[in-house]
Each structure stands twice: as structure tokens, then as C-alpha cells.
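*Asks:* Model the following, please.
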Amino acid sequence: MAMTNAQKVRAHRERKKAQQKVKTKQAEHLAVFEHPREPFFEWYNGGSDFQMCLDIAGIEAPEIEDDSDPKSATGEIEAIFTDNPEDSPYYNAKGSLARAEIMVGALISATVELASLVNRYKRKQITDRIRQIETSDLSDPDARKQALTNVVRLNKMLEQLDKQVRWTFPQWKASGE
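*Replies:* All right, here's what the predicted structure looks like:
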């Protein structure tokens, strides 16, 4: 059903109000952290194990040695948002604190994506193995018993992969709401 003019105007006003609310939140965030007494990089001064954790994963940890603004490693992200910079993850993001906040979000997203890939891979390997067992020669009672034990164990693995896990860590964003 098509919207009436009144509905269109109401929707337009609601969108504008929501955009203004976002801008206000961004301005408030900037007002608190725009000119801190001590920039994040000075306060941090390498005093954390986050670099070691990335090293364990074979990832070169970024240095937080100055108050430079966040940017992508390749420049491709910035290129994507040249027409709509307000949609960029770097919009109004200034300094080492914003760089660290964006890094946290990106690492969480990367972790979720990698966990999903590992999950799908393991599911495929397990279901392939179950099919292989089901199509194998099970005429020998001992082989059938072992195959049944293996299928039960593999199905338990699939059940484990159905579950979600939750990790808790400190909140890193502060909006005041």
C-alpha cells in the first residue's frame, strides 16, 4: 500500500530527528574525548598484553605510539566511502583513542567471521565422515559397533558446534545514555 503525503512527511521528520540524534551523540562524544588531558597513546605507553595475544595468532600488532587518526592498512576502506564519508567507520574518529576503539570493533568482527568459517569447515568434515561411515561395509559386528560409537561421538561434536559461546570483556564505548 502506498504511503500518503502525511505518512511520507512524518517518516521524513522521523529520519531527520534520528539523524540529528546521531549527530548530537557524536558531538557529545567528541566534546568529552576531543582534548583529553592525556592522549590515549601516552596513557597506554605499551602497557598491555594485547600485542602478545596478536603475536600468538601470528598477527603483527599495530603500534600505538602517536595520536594519529584511524585509517585502514590498505586505504581501500577510505576509497569505498569517498562519496559518503559520513558512512565511513572513520567518520569523526580522531586520535589514538578512536583508533583503539575501531580496532576493538574490527577484531570482534574478524573473530566472529573466523569462528564461523572454522565452524562451517568442521561441520563439513564431520558430516562427510558420518556419510563415509554410513556407506562403509558394516557386516562385521565389531566394525559396526565401532562405527556406531564413532557416529555417536561425531554427532555430539555437531551438537557442540550448534551452540553459541559468550566471552565477556569490559565495555569500551561510552555514550552517556
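
*Asks:* CA atoms for contacts and neighbours, from now on please.
*Replies:* Will do.

*Asks:* And the longest helix along the chain, what does it pack against?
*Replies:* When the chain is parsed with DSSP state H, its longest helix is helix 95-135. Judged by 3 or more C-alpha pairs under 8 Å, 6 or more residues apart in numbering; DSSP states H and E, helix 95-135 is in contact with helix 40-44, helix 141-162.

*Asks:* hmm, try it at 10 Å
*Replies:* helix 5-33, helix 40-44, helix 141-162 (3 or more C-alpha pairs under 10 Å, 6 or more residues apart in numbering; DSSP states H and E).

*Asks:* tell me what the shortest one is packed against?
*Replies:* I take that to be helix 40-44. Using 3+ C-alpha pairs under 10 Å, 6+ apart, helix 40-44 sits against helix 95-135.

*Asks:* The helix it packs on to helix 141-162, inter-axis angle?
*Replies:* 160 degrees (axes from the mean of the first three to the mean of the last three C-alpha atoms, to 10 degrees).

*Asks:* how far is helix 95-135 from where the chain is centred?
*Replies:* 10 Å (C-alpha atoms, centre = their mean, to the nearest Å).

*Asks:* What of stretch 82-95?
*Replies:* With C-alpha atoms, centre = their mean, you get 18 Å for stretch 82-95.

*Asks:* got the contact list for the residue nearest the centre of the chain?
*Replies:* Ranked by distance to the mean C-alpha position of the chain (C-alpha atoms, centre = their mean), the top residue is Ser109 at 1.4 Å. By C-alpha atoms under 10 Å, 6 or more residues apart in numbering, the contact list for Ser109 reads Met103, Ala115.

*Asks:* ok, so what distance separates Arg13 from Gln132?
*Replies:* For Arg13, the distance to Gln132 equals 60 Å [C-alpha to C-alpha, to the nearest Å].
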